[in-house]
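A.B. asks: Quick one, fold the following:
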Amino acid sequence: MTQNLMPKSTAAAKVMGITLAVLTASLATAPAWAQNFPITAGQKATATQVAQAGVPLNELAANAPDEYTIKRGDTLWAISGMFLKSAWRWPELWGMNLADIRNPHLIYPGQTLYLERQGGRATLRTRQSGADAAVLTTVRLSPRTRIEQLADNALPTLKSHLIEPFLAEPVIVDANGLALAPRIVAAQEGRVLLTRGDRAYARGQGDAVLIDEPSQKQKAYRVFRNATPLKDPVTTEILGYEAQYVGKALLVRGESTQASVDKDGKPRTDIIPATIDIVAAKEEMRVGDRLLPEPPQQLLSYVPHAPQGPVNARIVSVYGSAVVNAAQNQVVAINLGTRDGIESGHVLAILKDGARLIDKTDSARPELKLPDERNGLLMVFRPFEKLSYALVLDITDGVKVGDRLVNPR
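C.D. replies: Numbering: from 1, shown residues only. Presented below is the predicted three-dimensional model:
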């Protein structure tokens, strides 16, 4: 390519035009699923409003940087918390840069964010403006082709490894959910305990018969045990039963029957249980454990946002732990679900119960109840009808069963 002799301003415009064209083409050709993560009308309206006016300077985080280059390992949650006082105010972060970032789920490592303060408001850009912009020089370009699937590198809302195991493990069922599920009935060579690599046999009942699929792909099942009742800490209502995940199995052969004769020569029908192979084990399995079909894979993208109205919820249990208190990045169950309007991505504030004490400064010695104090934030990632699983995001002290949850606003 010959040297570019155009004026610098013209060259810069050309380069910017090429950059925008490439970015537009990349977004247009990205996989459809990468561009269809849920964005509600309310979030879009908030982002549009902020895009027009910016956010007040008093809403910025105390140490908000003037510029930040996104790197691998970053999350939208962390970046939101870097620029704003409240990390869950994701639509406002998006709105601060709505002109440059049309889809907030397609932000990539290497992009630089610039914070601009003007007239008591703040905006966020992916390129500097006016006098702050670096002077572009003419460069010699050599044509080359590089193909990269941008959707795979887009910034996640949260670190997916914190949530992914819990999408596979816990499951909420009703009183008969496990009782009617297929069950392991026998193991090879009379074994009592099963682990990865073992073969076992299982039977279904009713509509839950284990049959071969017409496709060549083996059907996967998750193995569960002991449906533990989860009670509302206030009303004591049983909201559901949490099944204990113990492993995973693949169906090798379905159930069948076979005609034969008994020792007296009389005809009979033998029941041939299904054959399964244990392919993953969190702990050893045994006869009587139940099988539930592997659910469809979920997209690990969440849009943190506050509920529209007031919330009054409680923590029901700490998942997979015998300890009383939950720490940061642990999963808890709460006593609200889809019937209460709870949805994936809802952020709730955790309140620590104020202590009860005697006022020793008063001769009457009255009992006092100190105010509930905000203790952190959690985000719902898997709602069921009456219960939801949530990830503890920020915490200053331990979270325990019975702690109250409210709208973070």
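A.B. asks: Test my guess that Ile276 contacts Leu251.
C.D. replies: Yes: judged on CB atoms under 8 Å, Ile276 makes contact with Leu251 at a distance of 5.7 Å. Placement of C-beta: from N, CA and C, glycine included.
A.B. asks: of these two, who's got more company?
C.D. replies: Ile276 (27 against 22; other CB atoms under 10 Å).
A.B. asks: show me what contacts the more buried one?
C.D. replies: Shown in contact with Ile276 (CB atoms under 8 Å, 6 or more residues apart in numbering): Ile184, Arg199, Ala200, Tyr201, Ala202, Leu210, Tyr221, Ala249, Leu250, Leu251, Val252, Leu291.
A.B. asks: Buried residues, the host helix or strand of it. List them.
C.D. replies: If you go by DSSP states H and E, Ile276 is part of strand 274-281. Using 16 or more other CB atoms under 10 Å as the test for burial, strand 274-281 gives Ala274, Thr275, Ile276, Ile278, Ala280, Ala281.
A.B. asks: partners of that strand in the sheet?
C.D. replies: strand 199-203 (antiparallel), strand 238-253 (antiparallel) (DSSP bridges).
A.B. asks: ok, and what's touching the first one?
C.D. replies: Contacts to strand 199-203, defined as CB under 8 Å, 6+ apart, come from residues 182-188, 194, 210, 249, 252, 255, 271, 273-278, 285, 291.
A.B. asks: Which SSE is immediately downstream of it?
C.D. replies: Under the assignment DSSP H and E, the closest C-terminal helix or strand after strand 199-203 is strand 220-231.
A.B. asks: by contact count, what packs against that next one?
C.D. replies: Counting contacts by 3 or more CB pairs under 8 Å, 6 or more residues apart in numbering; DSSP states H and E, strand 220-231 packs against strand 171-173, strand 238-253, strand 274-281, strand 290-293, strand 313-318.
A.B. asks: quick one, which of these is nearest to Arg225?
C.D. replies: Across the helices and strands packed on strand 220-231, Arg225 has its closest neighbour in strand 238-253 (4.8 Å, CB to CB).
A.B. asks: Just the buried positions in that closest one, please.
C.D. replies: Going by neighbour count (16+ other CB under 10 Å), the buried part of strand 238-253 is 239-251.
A.B. asks: Take those residues and write them to CSV, including distance to Lys71 and pLDDT.
C.D. replies: Shown next, in CSV, are the buried residues of strand 238-253 (distance: CB to CB, whole Å; pLDDT from 0 to 100):
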residue, distance to Lys71, pLDDT
Leu239, 41, 91
Gly240, 41, 89
Tyr241, 43, 89
Glu242, 38, 88
Ala243, 39, 87
Gln244, 39, 85
Tyr245, 34, 88
Val246, 38, 91
Gly247, 37, 92
Lys248, 34, 93
Ala249, 40, 94
Leu250, 39, 93
Leu251, 43, 92
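A.B. asks: Show me which of those residues is closest to Ala327.
C.D. replies: Glu242 (19.7 Å).
A.B. asks: about what we covered before: for Arg125, which of the strands paired with strand 274-281 is the nearest?
C.D. replies: Of all these, strand 238-253 sits nearest to Arg125, with 45.4 Å by CB to CB.
A.B. asks: C-terminal to the closest one, what's the next element?
C.D. replies: Sequence-wise, the next helix or strand downstream of strand 238-253 (DSSP H and E) is strand 256-261.
A.B. asks: neighbouring strands for that following strand, and are they parallel or not?
C.D. replies: Here strand 256-261 has these sheet partners by DSSP bridges: strand 267-272 (antiparallel).
A.B. asks: contacts for the strand it pairs with?
C.D. replies: By CB under 8 Å, 6+ apart, the list of residues contacting strand 267-272 from outside reads Arg203, Glu255, Ser256, Thr257, Gln258, Ala259, Ser260, Val261, Asp262.
A.B. asks: again, only this time at 10 Å
C.D. replies: Contacts to strand 267-272, defined as CB atoms under 10 Å, 6 or more residues apart in numbering, come from residues 185, 201, 203, 253-262.
A.B. asks: Including pLDDT, could those go into JSON lines?
C.D. replies: As requested, the contacts of strand 267-272 are arranged in JSON lines below (pLDDT from 0 to 100):
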{"residue": "Val185", "pLDDT": "93"}
{"residue": "Tyr201", "pLDDT": "94"}
{"residue": "Arg203", "pLDDT": "92"}
{"residue": "Arg253", "pLDDT": "89"}
{"residue": "Gly254", "pLDDT": "88"}
{"residue": "Glu255", "pLDDT": "88"}
{"residue": "Ser256", "pLDDT": "88"}
{"residue": "Thr257", "pLDDT": "86"}
{"residue": "Gln258", "pLDDT": "87"}
{"residue": "Ala259", "pLDDT": "87"}
{"residue": "Ser260", "pLDDT": "86"}
{"residue": "Val261", "pLDDT": "84"}
{"residue": "Asp262", "pLDDT": "83"}
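A.B. asks: Got a quick PyMOL command for the buried subset of the residues you listed?
C.D. replies: Only the buried entries of the contacts of strand 267-272 go into this PyMOL selection, using 16+ other CB under 10 Å:
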select buried, resi 201+203+254+255
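A.B. asks: Residue ranges of each domain in this structure, please.
C.D. replies: Following automatic domain parsing, one finds the domains of the chain at 8-157, 171-293, 313-406.
A.B. asks: Next, the contact list for Gly204, please.
C.D. replies: Contacts of Gly204 by CB under 10 Å, 6+ apart are Leu180, Ala181, Pro182, Arg183, Leu210, Ile211, Gly254, Glu255, Pro273, Ala274, Leu291.
A.B. asks: Just the buried ones among those, please.
C.D. replies: Ala181, Pro182, Arg183, Leu210, Gly254, Glu255, Pro273, Ala274, Leu291.
A.B. asks: so the second one touches Gly288, yeah?
C.D. replies: No: because the distance of 11.4 Å does not satisfy CB atoms under 10 Å, Pro182 is recorded as not touching Gly288.
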